[in-house]
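A.B. asks: Whatever this is, show me its structure:
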Amino acid sequence: MDYSARIQTVHKETNPKYYKLLEEFKKITGCPILVNTSFNVRGEPIVCSIEDAFNCFMGTNLDILVIENFILFKEDQNKSFSTDYKNKFELD
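C.D. replies: This next block holds a predicted model:
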């Protein structure tokens, strides 16, 4: 909103998995930077658990969710876990 940023560095020694992700992203795109944003639906608290992440994933237009060593594709999930957030919160 205010065009500011909080730069965070990643070190191979302290976060090898995320560091490797950045390396691979750079190989593909030529850019060693990823943008991070909060993971939540407007009006709800930020995701703090795997269960929160899955519920948010199933209630939004996200197509893929990556957690630890797992990749979940929306199309492969049980549709009964879907939640409609569109009508739950008023838009600005």
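
A.B. asks: what stretches of this protein score poorly on pLDDT?
C.D. replies: For the chain, the stretches with pLDDT under 70 are 1, 85-92.

A.B. asks: Which residue lies nearest the spatial centre of it?
C.D. replies: Nearest residue to the geometric centre of the chain (CA atoms, centre = their mean): F39, 5.7 Å.

A.B. asks: Could you measure from that residue over to P16?
C.D. replies: As judged by CB to CB, to the nearest Å, F39 and P16 stand 22 Å apart. Any C-beta I mention is one placed from the backbone N, CA and C, and that applies to glycine too.

A.B. asks: which residues of this structure fall in strands?
C.D. replies: 64-67, 70-73 (DSSP state E).

A.B. asks: hang on, isn't the residue nearest to the centre of the chain packed against A53?
C.D. replies: Yes - contact status for F39 versus A53: in contact at 6.7 Å, counting by CB atoms under 8 Å.

A.B. asks: Name the residues contacting each of the two.
C.D. replies: V47 (CB atoms under 8 Å, 6 or more residues apart in numbering).

A.B. asks: picking that back up, next up, phi/psi of the residue nearest to the centre of the chain, please.
C.D. replies: The phi/psi pair for F39 (degrees, to the nearest 10) reads phi -110, psi 90.

A.B. asks: Could you check how far it is from L21?
C.D. replies: Taking CB to CB, one finds F39 at 16 Å from L21.

A.B. asks: what's the answer for S80, then?
C.D. replies: 32 Å.

A.B. asks: mind checking how far the residue lying farthest from the centre of the chain is from L34?
C.D. replies: Distance to the chain centre peaks in the chain at E13, reaching 23.2 Å (criterion: CA atoms, centre = their mean). To L34, E13 is 19 Å away according to CB to CB.

A.B. asks: Likewise for I50?
C.D. replies: Relative to L34, I50 is positioned 21 Å away (CB to CB).

A.B. asks: Quick check: end-to-end length of stretch 22-37?
C.D. replies: 16 Å (CA to CA, to the nearest Å).
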